[in-house]
Every structure is written in structure tokens, then in C-alpha cells.
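> When you get a sec, could you give me coordinates for this:
(2 chains)
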Amino acid sequence: MLKRKVMLISVLLIFAVVLSACGSPAATVSEKTKVAFIYIGQPGDLGWTFEHDRGRLMLEAELGDLVETITVPDVSEGPDAEKAIRDVVEAGAKIVFTTSFGYMDPTLAVAEQYPDVIFEHCSGYKTADNMSTYFGRIYQPRYLSGLVAGSMTEANFIGYVAAFPIPEVVRGINAFTLGVKEVNPDAKVHVVWSNTWYDPVKEREAAIALLDEGADIITQHQDTTEPQKAAMEYEKLSVGYDSDMAQFVGDTVLTSPVWNWGKYYVATVQSVLDGTWEPHQYWGGLADEVVKLADFSPLVPEDIKLMVEAKKAELVSGDWDVFCGPIADQDGTVVVADGECMEDGDMLGMAWFVDGVVGTIPAE
Amino acid sequence: MRISFEKRLEQSRLSAILVPVFSFVMALIFGAMILLAFGVNPLQAYTVMVRGSIGSSYALSETLVKAIPLMLTGLGVSISFRMLFWNIGAEGQLAMGGIAAAFVALFLEKYLPPFLVLPAMMIAAILAGALWGLIPATLKAVIGVNEILTTLMMNYIAILFVEYLYFGPWRDPDGFGFPGTAQFPETAWLPRFTGRIHFGIIFAIIAAALIWFILNHTKRGYEIRLIGQNPRAARYTGVNIGRNILVVMLLSGGLAGLAGMAEVSGIAHRLYSGLTSGYGYTAIIIAWLASLNPWGILVVAFMMGGLIVGGDQIQIAMQTPAAVAQVLQGAILFFMLGGSIFANYRVRIIKNLEKSKSGADGYG
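As a prediction, this is how the structure comes out:
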């Protein structure tokens, strides 16, 4: 027993000695403004985080003389997110972009503690004097991709692998379905929830379940390319999301609604450097190019391309938007009357499915 | 010729000191090679790690935050290991404690006077963890079911139960469909000292004192140690092993349950997806590194917290992949645990001709 104690004490002593020996600071002072990005996954997901990281690289390319960027990948949504955000601030970051919905409360908690640091939270709704939100109207290119899918499905069965039943995802499903129904009233969009943003295995399994049930086009609201790859293996078509997934999967990806954060990141950081930054809730659309529709696959016929381009021009002009009536919910009740358009606030809290969606939003 | 490990009757004082030192140095050298492979200066990385874990009051507080659940679960499993009852189920017992605490905070809080909320949460959590531990204990004591399997498998049940609750019936109605319960009312928050260090640290210290007292100054503790050293001898002297299993698992599970309460009430203030992030498994390593000594567990848990928090810092400051920090942590644990084998066992090379007169457990 005594020997055990001696061993324990010596273990502890080593830690102490090594810790104190390493204590000398080796900090390098940098003139550049540090900009931090908190990621839910890895840039190698080829989807959501990949696109944020592409935006970061554009920021480095444009403002590399003035800013340096740091990234923290794989930060889970929960109390540890608060630690990761505080860590980058303690490491000297003056601007922090937190790029997942679940970082909302942690970002707010840290923002309250560091009033001199600017926080930008992607996709949430809470703000502070030093915390803004930013997001894109991805529902616009989603709708356009729905036009393509609705025109090309033969089974009239489109599978949608969806992350969480939150308004952002519900809005995307509805916009896509409105596009499908516009050109093909008989088609149905079948939704499967994965309850995860980033889980390649689960996403793939959900896609395969939909394919086995008879889906001939797969789309998704996830962070990876797995559902599209599963569709390709089943020799079926797909619609991408986040990034232009055709470049990673192939021509079976008909098109993809994609994020394009670079311009926003450059403009926002520039405004902080200029001292003109103000708290805001940015929600740009196709006109701003923060969201886009990726190039069409060669498999998409010419007449469909032209039809989609015409709708896109309408959206860019601002004359019409996706959630303009008449729109009915799953029960057939008209939710948005003819000639009316949904307000942003209602869109941000959307918790019901449009007619044509097969699936449920889990009850509160 | 073959190699055999023989238990040392007497562990030499020199090896008790030299082996951990040697193991730690080996771990650092091994880690340095990994870091070099990633183009990172190992000295700088180790410096960052140390400063990030204990170099500032903030770093220190985060290290303690990570250490608290490790201390409580480590103490919990250590007492069952004392009597060779292999409780691998601290993770599940922690989850059940978190659930019970959340139940009190979310549904009973309004019926309780404010000063009773936290004690009620504690008691509920301890009871829940203890009862969860009692199931495999009863199976073992009454019909001899292998506790390694049952405690491990009950983890999955508990973890899935937590998920069911925060994805389903307990989900925050105002959370826009995002998984996680509503935030607890403030009466259900454990007081914090500085940073995020919360009252759980006091629980841990009291728990260590309690276990130390029980083991060294009570008849029960004597029986537990006796069973651990020689179960057969214990039975011959009239010790009721079954009853001791039940008592020990009530204590072991209760402490893990309390760890769950401390996590939800001290850190997250809600039930959420990150509650079961492997503390209950790390606890097993901690208990052994500390030679099952309750005070040693507090210190080793603190060092482990430092290893986790410092590892995050390498990732942020040096922009290495997250996996590098995990490989480092793994290397240190591997070498320390590996080293302890050489402190307790002697390696003997036995020539073919010589008749082996000892098994692996024999005395050479």
C-alpha cells in the first residue's frame, strides 16, 4: 500500500515538474486582426462546413494583409461550444463567426462577457450589441431545385433526408416541395429526419431507406454528400445542397442550392476594420449571391433549364417570392392567401408542412 | 523460450518512482514524433498545452470544470473496483442522474420552496444513479450474472433514454424544434465560484473524504478491501459478498448520478446531447492511474481535465487537426498505464528446458 502511494506521488510530481518547466511564454505578437470560425464539422465534409471554409479562404485571399483566421472544427452544439468560443476569444480573436444553429445561446453567453469582440452567428435569431445574425434565403434556390426535381421524377416519389425539425429545415423542405408541385402536382416529397447535422453513416442509411421505398430522386438538408452518393449507387438522381455536389458525386446530381459566404465574410470583416459595423440580422437571397443555384447537370434537358432560369430572374428581381400565396398546408387549409406573401418573421418560425410533403414535424 | 509476467511480491521503491517518470517521458517523446509529423514544434505545442490548461485563472477553471464529473465518476467506479466488481456503467448511471435532476428542475421546481430545489435534485440524482447501479448489482449478487456485460449494456439504455426525452416529450417547446430541454429555472442552477467552476467540486471533495473514511475506518470498508484482496478468504471469514455488492453499487452509482446532476445543473442548465460524452469511461482509467486511492483520483482527474483542455488549446493555437490532441492524450494514458504493469509485474524470460513453476498470477 505504501509503495502504491509512492508511485502515485511520483506520478503527480512528474506532472508538476513538466508543467512548471514548460511555463515560459512563447507568444508571438501579431498586428493582424484575428478572425475565428467555429465549425460543426470538418471542411472536408464537402458540404456545409466546406462552404463556410471556402468563404474563410476568400476572406484570407482578399484581406490577408489585415486579418488572420483561425478555425475550430468539430465543435458539438452544447455547453462545450461555449468553451470553444471563449477559447478563441482568449486566443485573441476580435471577430468570431459561429456557424451552426445550436451555437446560438453559447455565442450569446460569451458575447455578453466580451463586449469588445464582435460575434456573428449563422442561422439563429438572438442578437446583442456586439452580436449579429447572418443567413441566406436558401429557400429560393431550393425552390428552383424543386422545379428541376419535379420535372424529372418518373416515380413521383422524391426522398428528402432532413437534419432537425427546426424552421430552417422545414422552410427548405416546403420551398423545395412548392417547386416540385409547381411543375408536377402528382409528385410527393417524403421526409426522413436524421436528427443530426453531420453523420455520414446515418445520412446514407436514411437515403437508402427512401430509395428502397421507391424514391427516384434524393435531396437532403445535411452536411455531407452521402445521400447523393447513395442515390448514385442506386443509379438514381439527386439534388445536392450546401456545395455544388456534382463535382464530388457526378452528373447524377442535377443541380444544388449552394451557399456562397465569401462576399459576406469579406464585407463584414471590412466593416469591423473600418469601425462601421452595426448589429444586424442579415438574410440575403439570390440577388445578393449569398445563395446560388449551382450549374445544371448535362442530364437536365434544355427546356427545363430555361424554365428554371426564368423563375430565377423573377426571384432576383424581387417581384415574387417563394412563399407567396396561394399556399395550402398538409391538411389542405390555405395558409397564405392568393396575392399575399409571408412576412420574414413568419418564415423564420415556420413549423408546418405544405401540401405535397409526406412526413410529420414531431409534436412539441 | 517464452516470456512471462510475474507479479512482484514487493514493489521496489525505486521502480515506483522510475517507472512513471520513464513512462511519461516516453509518452512525451512519442507525442513529439506525432507533432513533428504534422509540422508542429513539439516544445511549443507542449508549452501551449500547459499554459492552456493551468496557465491562467480561466484555463484553470476550465480544467476544473472538466475534472469535476471525472472526479465523481472516478470515485464511484473506484470503490466498486476495490472489491473487484467491474462497474463499467458509470456513463449510464451519470445519465440517469442527469435525467432525475432535470425532472426535478423542469417539473417539480414550481412546487418546491427555492432552497429545497437543489437538494431535491441532488437526492433524486443520487437515487436514480444508485438504482440504475442496483440492477446489475442484484443480478450479480443473486444469480451471478457477469457485471461487466450488464453495466456496459445498461449504459446504452440510459443514453438512448436521455435522447428519447430531449428529442421527444421533454423537448423545449420554445426551442424551434431543436433537441434539448428548456433551460432550468435559476433556482435549479448550482452556484458557481469563478468562471464556470461550480459547487460540484465540493461534492467531489466530500465524496473523496467519505470513501476514504468508509474504506479505512469502517467494518464495511474492511470487508470491501478483504473481498478485493481475496474473495475466497473473505467468504470463509463470513463476509456476505452479495450484500457488499449491493451496498457498493448503491454508492458507486449514486456518485455517478451526482456527477450527472452537477453537469446539468452546474454547466448546461438543461438536458442536452452532450451530457454523455464519455466521462464514465475515462473514469475507469482515472481510477486505475490513481491506484484506486480517493485523494489520488481527485488529482489524476484534475490532470486528465488539464489534458483535455490543454489538448483543445493545441488545436486552436497551432491549428492542428483535432485528432492530434486526442492522439497525444491517448499516448500519455497508454504509456502511463503500460508503465504501471512493469511496476507491478516482473518480466521473466523462461528458457525452454526450465519447467515453469508459476502461472501469470503466481509468485516467482
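
> could I have stretch A:290-299 exported to CSV, CA atoms only?
Once side chains and other backbone atoms are set aside, the C-alpha atoms of stretch A:290-299 remain, and they are given as CSV (Å, rounded to 0.1, in the frame of the first residue of the first chain):
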residue,chain,number,x,y,z
VAL,A,290,-25.0,34.7,-50.8
VAL,A,291,-27.1,31.8,-52.1
LYS,A,292,-27.0,30.4,-55.6
LEU,A,293,-28.2,27.6,-57.8
ALA,A,294,-25.2,25.5,-59.0
ASP,A,295,-24.7,24.7,-62.7
PHE,A,296,-27.1,22.1,-64.1
SER,A,297,-26.0,18.6,-64.8
PRO,A,298,-25.8,17.6,-68.6
LEU,A,299,-28.8,15.3,-67.8
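
> Pull out the buried residues from that stretch.
A:Val290, A:Val291, A:Lys292, A:Leu293, A:Ala294, A:Phe296, A:Ser297 (16 or more other CB atoms under 10 Å in any protein chain shown). (Each C-beta comes from the backbone N, C-alpha and C, glycine too.)

> dump the residue contacts of the one residue in the stretch 201-350 of chain A that gets nearest to chain B.
Using CB to the nearest CB, the point where the stretch 201-350 of chain A gets nearest to chain B is A:Gly349, with a distance of 7.1 Å. By CB atoms under 8 Å, 6 or more residues apart in numbering or on different chains, the contact set of A:Gly349 is A:Pro167, B:Phe176.

> Whatever residue of chain A ends up closest to chain B: neighbour count?
Residue of chain A nearest chain B, by CB to the nearest CB: A:Gly78 (3.5 Å). A:Gly78 is surrounded by 21 other residues when neighbours are defined as other CB atoms under 10 Å in any protein chain shown.

> Likewise for B:Met154?
22.

> who touches it in this structure?
By CB under 8 Å, 6+ apart, the contact set of B:Met154 is B:Gly89, B:Gly92, B:Trp132, B:Ile135, B:Pro136.

> Show me which residues of the helix or strand it falls within are buried.
B:Met154 is part of helix B:147-167, with elements assigned from DSSP states H and E. If you call a residue buried by 16+ other CB under 10 Å, then helix B:147-167 has these buried ones: B:147, B:150-152, B:154-155, B:158-159, B:162-163, B:165-167.

> Next, give phi and psi for the residue nearest to B:Thr151 when sequence neighbours are not counted.
By the measure of CB to CB, 6 or more residues apart in numbering or on different chains, the closest residue to B:Thr151 outside its immediate chain neighbours is B:Gly89, 3.1 Å from it. Recorded main-chain torsions at B:Gly89 are phi -100, psi 20, according to degrees, to the nearest 10.

> For B:Gly89, give me the pLDDT.
Confidence per residue is given as pLDDT, and for B:Gly89 that number is 96.

> ok, B:Gly338 - how many residues close by?
Each residue near B:Gly338 was counted by other CB under 10 Å, and the total is 13.

> Please identify which helix or strand holds it.
helix B:322-344.

> and A:Gly47, what is it in contact with?
Taking CB under 8 Å, 6+ apart, we find A:Gly47 in contact with A:Gly41, A:Gln222, A:Asp223, A:Thr224, A:Thr225, A:Tyr241, A:Asp242, A:Ser243, A:Met245.

> burial of the fifth one, as a residue count?
Think A:Thr225. A:Thr225 has 29 nearby residues by other CB under 10 Å.
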